[in-house]
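*Asks:* Model the structure of this input:
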Amino acid sequence: MSIEERILESSILIVDDTADNVDLLIMMLEANGYTNLKGVTDSREVNDLCTQHTYDLILLDIRMPHLDGFQVMEQLRYSRSMDYLPILVLTAQNDIETRTRALELGAKDFVTKPFDRTEIQLRIHNILEVRQLYKEKQQHNLLLQSIVDERTRELQQKNDELQSSRHNIIQCLGRAGEYRDNETGMHVIRMASYARLLADALGKDKTFVKDIWSAATMHDIGKIGIPDHVLLKPGKFEPDEWEIMQRHTLIGAEILGEASSDIMRMARSVVLTHHERWDGKGYPNGLKGEEIPIEGRIVAVCDVFDALTSDRPYKKAWSVQEAVDYLNENSGTAFDPELVFNFLQILPMIHEVMAAFPDQQSGS
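*Replies:* Residues are numbered from 1 along each chain as shown. The predicted structure is shown next:
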């Protein structure tokens with residue numbers, strides 16, 4: 001099933017004390033192909049409904065009797081604190097205090113009443129797309145819990161089995177490599193999502209856009225072969241350690257081997273070239289400009305942006321603006337300038353992915 005089909009089957013709860021508003025939203029969404037809709041006018045029912053059913057999106061009014069929208073979000077945050085619940089606030093209040101409080105309580109977006117139909121349809125679609133990515137992440141977690149250790153051992157011992165099972169476990173392997181030095185594993189989810197968005201912004205065909213999402217998750221699989229004393233070092237690398245760390249591109253390519261499928265060939269290309277630079281000063285092969293495959297150039301931008309905006313043992317996360325400034329400063333040297341330009345055009349969607357897949361703190 002395509003992501004668009006999954007979006008249209010998403011479960012949506014509409015909460016507004018005015019029945020006409022609920023009916024209008026249901027009619028509008030049904031006209032656009034949505035099939036799983038529920039509307040309520042009593043905000044006191046929301047918490048029980050969310051306990052009994054998993055909703056992909058809640059369209060939530062703020063000013064309501066009994067429980068206002070803020071109180072509803074407080075209830076949901078308490079009862080569903082471990083789940084990602086997208087909330088689109090519908091409100092006639094457009095002041096900064098209302099927006100700030102709603103964001104603090106978990107709202108993902110706002111639409112001001114009276115709303116424009118095209119705008120609200122686009123916002124609903126965008127939130128549901130991120131929700132589907134989150135559900136994919138949940139499915140990956142379940143798979144990883146049961147097979148990642150076994151698969152990693154098998155990959156080291158049985159290269160012939162790798163040949164037949166690569167396409168099925170490619171995303172699991174990407175997460176396995178990431179868990180070695182990132183305990184939440186969210187980096188690969190975010191940067192692979194960025195890569196898919198950037199490829200789409202570049203006008204790549206649907207197959208390429210789909211394949212690069214999986215291929216990007218494998219970019220650092222070679223870290224499996226890097227010793228812990230180097231990979232997990234909290235400080236700056238010594239020259240010999242940096243040389244060892246750079247080998248992860250070659251190790252990853254060796255793990256993937258000579259692939260027969262398009263997706264695996266793309267994954268191997270990403271592994272080998274995501275540290276090449278536009279000016280030819282990257283590694284492992286010093287490729288320059290368009291000598292670097294487009295998939296490697298895409299992942300290079302997305303990987304660096306997410307690394308800069310994430311906490312690491314040796315640094316605090318940079319702000320988005322600081323990371324943007326870095327991309328601009330290195331456009332035409334480290335990065336393909338066209339890709340930097342296009343990446344900055346999709347920053348609103350990048351922000352949505354960042355919000356959907358944050359790194360969780362240890363022990364939380």
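
*Asks:* Give me the below-cutoff pLDDT ranges for the stretch 51-200 of the chain.
*Replies:* Filtered on pLDDT under 70, the stretch 51-200 of the chain yields the residue ranges 80-84, 140, 143-149, 151-185.

*Asks:* tell me the mean pLDDT over stretch 285-303?
*Replies:* Stretch 285-303 shows an average pLDDT of 97 in the prediction.

*Asks:* All the strands of the stretch 51-200 of the chain, residue numbers only.
*Replies:* Here the stretch 51-200 of the chain has its strands, by DSSP state E, counting those that start in this stretch, at 57-61, 87-91, 109-112.

*Asks:* Now render those strands as JSON lines, adding distance to Lys204 and mean neighbour count.
*Replies:* Every C-beta, even on glycine, is put in place using the N, C-alpha and C of the backbone. As requested, these are exported to JSON lines (distance: least, Cβ to Cβ, whole Å; neighbours: other Cβ atoms under 10 Å):
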{"stretch": "strand 57-61", "distance to Lys204": "28", "mean neighbour count": "25"}
{"stretch": "strand 87-91", "distance to Lys204": "29", "mean neighbour count": "22"}
{"stretch": "strand 109-112", "distance to Lys204": "27", "mean neighbour count": "17"}
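
*Asks:* correct me, but Gly222 touches Ile255?
*Replies:* Yes. Using Cβ atoms under 8 Å, Gly222 makes contact with Ile255 at a distance of 6.6 Å.

*Asks:* okay, the strands of the stretch 51-200 of the chain in TSV with distance to Leu231 next?
*Replies:* Formatted as TSV, the strands of the stretch 51-200 of the chain follow (distance: least, Cβ to Cβ, whole Å):
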stretch	distance to Leu231
strand 57-61	39
strand 87-91	38
strand 109-112	38
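
*Asks:* For Glu97, which of the ones you listed is the nearest?
*Replies:* Set against Glu97 and scored by Cβ to Cβ, the strands of the stretch 51-200 of the chain come closest in strand 87-91, at 11.8 Å.

*Asks:* Where do the domain boundaries of the chain fall?
*Replies:* 3-125, 158-356 (automatic domain parsing).

*Asks:* So which of those is the most surrounded?
*Replies:* domain 158-356 (a mean of 18; mean count of other Cβ atoms under 10 Å).

*Asks:* quick check, distance from it to the centre of its chain.
*Replies:* On the basis of Cα atoms, centre = their mean, to the nearest Å, domain 158-356 is displaced by 13 Å from the centre of the chain it belongs to.

*Asks:* Tell me where the stretch 201-350 of the chain has helices.
*Replies:* Under the criterion DSSP state H, counting those that start in this stretch, helices of the stretch 201-350 of the chain are mapped to 206-217, 228-231, 239-246, 248-256, 262-273, 294-308, 320-329, 337-345, 347-356.

*Asks:* hmm, back to that, of the strands of the stretch 51-200 of the chain, give the one that comes closest to Val46.
*Replies:* Closest approach to Val46 among the strands of the stretch 51-200 of the chain is made by strand 57-61 (7.5 Å; Cβ to Cβ).

*Asks:* what helices or strands is that closest one leaning on?
*Replies:* With contacts taken as 3 or more Cβ pairs under 8 Å, 6 or more residues apart in numbering; DSSP states H and E, strand 57-61 sits against strand 11-15, helix 69-79, strand 87-91, helix 117-157.

*Asks:* Kindly reformat those as CSV containing distance to Ala317.
*Replies:* Listed next are those as CSV, based on distance: least, Cβ to Cβ, whole Å:
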stretch, distance to Ala317
strand 11-15, 33
helix 69-79, 23
strand 87-91, 25
helix 117-157, 20
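
*Asks:* These: which one's closest to Met266?
*Replies:* Closest approach to Met266 among those is made by helix 117-157 (18.7 Å; Cβ to Cβ).

*Asks:* where does the stretch 251-364 of the chain have low pLDDT?
*Replies:* Along the stretch 251-364 of the chain, segments meeting pLDDT under 70 span 259-260, 360-364.

*Asks:* one more time with 80, if that's ok
*Replies:* Within the stretch 251-364 of the chain, the ranges that satisfy pLDDT under 80 run 258-261, 312-314, 360-364.

*Asks:* ok, the nearest residue to Met266 once chain neighbours are set aside - contacts?
*Replies:* Excluding its sequence neighbours, the residue lying closest to Met266 (Cβ to Cβ, 6 or more residues apart in numbering) is Ala215, at 4.2 Å. Ala215 sits next to 170, 263, 266-267, 269-270, 295, 299 when contact means Cβ atoms under 8 Å, 6 or more residues apart in numbering.
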